[in-house]
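Asker: Model the structure of this input:
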Amino acid sequence: MEPPKYPVGPAQVEEVYDAARKEELIVQIEQAPALMRKALSGLSDEQIGTLYKNWTIRQIVNHLADSHIHSYIRFKWTLTEDKPLIKAYDENLWSDLLEAKTGSLEPTLLTLEGIHARWARLLRSMTDEQYSRAFIHPDGRTIPLSRALGIYAWHGRHHTGQILWLRDQKGWK
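Answerer: Below you'll find the predicted structure:
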């Protein structure tokens with residue numbers, strides 16, 4: 001069976017969230033590393049080398065860390081600069097680097113845990129006015145931090161969902 005493009009459904013992102021929904025999204029970001037760790041639990045090195053579309057599980061997990069490190073930094077730039085132009089990167093080239101394709105995932109999971117803990121603390125400290133601040137993507141889009149919050153809460157669920165889909169399809173318990 002062909003893996004679904006969006007195993008947890010496509011991103012449904014708003015421009016602005018009320019306080020309760022914002023907290024739900026922050027909790028999703030805060031819990032993402034633990035859910036990823038659980039999704040990986042008990043998998044062998046060979047299983048971690050299994051492809052989901054174009055990336056192995058190992059590459060997916062390393063991509064998530066790379067992406068969320070970038071997002072955390074983008075939030076900080078946006079809070080300290082006026083509409084910063086962020087630096088984009090080619091996620092496929094990064095995922096094709098040898099370090100993303102080999103080795104233990106433990107350092108990656110520790111990185112995710114640290115970044116997400118700090119990111120959740122930052123997110124909870126932000127005012128509504130700060131959530132309305134925006135960065136400029138090199139493709140020309142203006143992205144408010146409130147929208148980025150929704151995108152990245154979904155992003156963690158999306159990649160964890162890919163691994164859970166593989167576990168289910170392969171019968172890995």
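Asker: need the longest helix for the chain.
Answerer: Counting by DSSP state H, the longest helix found in the chain is helix 145-170.
Asker: name the helices or strands packed onto it?
Answerer: Judged by 3 or more C-beta pairs under 8 Å, 6 or more residues apart in numbering; DSSP states H and E, helix 145-170 is in contact with helix 19-40, strand 51-52, helix 57-80, helix 128-131, strand 134-136. Just so you know, the C-beta spots here come from the backbone N, C-alpha and C atoms, and that holds for glycine as well.
Asker: Tell me which of these sits nearest to Leu105.
Answerer: helix 57-80 (5.3 Å; C-beta to C-beta).
Asker: got the buried residues for the helix or strand that that closest one is followed by?
Answerer: Downstream of helix 57-80, the first helix or strand assigned by DSSP states H and E is helix 91-95. Neighbour counts over helix 91-95 (16 or more other C-beta atoms under 10 Å) mark Trp94, Ser95 as buried.
Asker: Hmm, Arg124 and Lys22 touching each other?
Answerer: No: using C-beta atoms under 8 Å, Lys22 is not in contact with Arg124, being 9.0 Å away.
Asker: what about Ala11, helix or strand, and which?
Answerer: Per DSSP H and E, there is no helix or strand for Ala11.
Asker: Can you tell me, leaving aside adjacent residues, what's nearest to it?
Answerer: Setting aside the residues directly before and after it, Ala11 is nearest to Trp154 in space (C-beta to C-beta, 6 or more residues apart in numbering), at 4.2 Å.
Asker: what number of residues lie near that neighbour?
Answerer: 20 (other C-beta atoms under 10 Å).
Asker: check contacts around it.
Answerer: For Trp154, the contact set (C-beta atoms under 8 Å, 6 or more residues apart in numbering) comprises Val8, Ala11, Gln12, Val13.
Asker: where's it relative to Glu113, distance?
Answerer: Distance, Trp154 to Glu113, by C-beta to C-beta, to the nearest Å: 19 Å.
Asker: before we move on, the earlier item: between Lys22 and Arg124, who's got more neighbours?
Answerer: Using other C-beta under 10 Å as the criterion, Lys22 and Arg124 rank with Lys22 on top: 20 against 11.
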